[in-house]
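>>> Sequence first, predicted model second:
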Amino acid sequence: MGLEGIDVFVICASDEIERGGAKAFSLSRLDTSGESRPFPIVVIRSHDNTYVGYVNACPHDGVWLNIGNGDFFTQDRAFLKCGRHGAAFEIDSGLCVAGPCSGKNLQPIALAMIDGEVCLCGERLVEDDRPFNAFDDHDETMEIMIHPD
């Protein structure tokens, strides 16, 4: 099965995320009415070099998982966590195993590795005309944004 006819958007080079690490991206996607809406995502690279992605929103109250101290992981790095209320999620499935949204799931996003790049598949994203990597040296606190629903 190929990717013909599927929207594919390059997120980053595969080596931009360290093994066992995660990185947030602030994208915009078109909703069903064609309006641009914030689309925060997180891409996780496992120690065995697989990539998994989720919408960067806790199912409990919708805040970014890395709000607070900016980290995505529990102290032992065995689970993803919500920095606001401490919910813990399985990294490979997104299932909440502890906290106020126990039993709910993070919303997965479809990723593909194409020519050494991590790509998002199947979303209608708004093209951005900023230069590539325009915000790479920004202060970390600028990544923490709350988008009203």
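Okay, I see it.
>>> Run through the protein and note the low-pLDDT ranges.
Judged against pLDDT under 70, the low-scoring parts of the chain cover residues 1-5, 128-149.
>>> At which residues are the strands of it located?
Assigned strands in the chain, in chain order: 8-13, 21-30, 36-45, 51-55, 79-81, 88-90, 96-98, 108-114, 117-121 (criterion: DSSP state E).
>>> if I look at the nearest residue to residue 16 once chain neighbours are set aside, how far off is residue 107?
In space, and not counting its chain neighbours, residue 16 is closest to residue 23: 6.8 Å by CB to CB, 6 or more residues apart in numbering. Every residue, glycine included, has its C-beta placed from N, CA and C. To residue 107, residue 23 is 17 Å away according to CB to CB, to the nearest Å.
>>> List the contacts of the most centrally placed residue in the chain.
Among the residues of the chain, the one closest to the centroid is residue 42, at 1.6 Å (CA atoms, centre = their mean). Neighbouring residues of residue 42 by CB atoms under 8 Å, 6 or more residues apart in numbering: 22, 23, 24, 25, 53, 54, 55, 56, 65, 66, 72, 80.
>>> can you check residue 50 too?
For residue 50, the contact set (CB under 8 Å, 6+ apart) is empty.
>>> hang on, the earlier thing: tell me the spatial nearest neighbour of the residue nearest to the centre of the chain, not counting adjacent residues.
In space, not counting the residues next to it along the chain, residue 42 is nearest to residue 56; the distance is 4.4 Å by CB to CB, 6+ apart.
>>> you'd agree that neighbour is up against residue 65?
Yes - with contact taken as CB atoms under 8 Å, residue 56 and residue 65 are classed as touching, separated by 5.7 Å.
>>> Surely residue 87 touches residue 103?
No - here residue 87 does not reach residue 103: they are 10.7 Å apart, not a contact under CB under 8 Å.
>>> surely residue 66 meets residue 58?
No - under the criterion of CB under 8 Å, residue 66 makes no contact with residue 58, lying 10.2 Å away.
>>> Not counting its own residues, what contacts stretch 96-103?
Residues outside stretch 96-103 that contact it (CB under 8 Å, 6+ apart): 58-60, 79, 82, 85-90, 95, 104-106.
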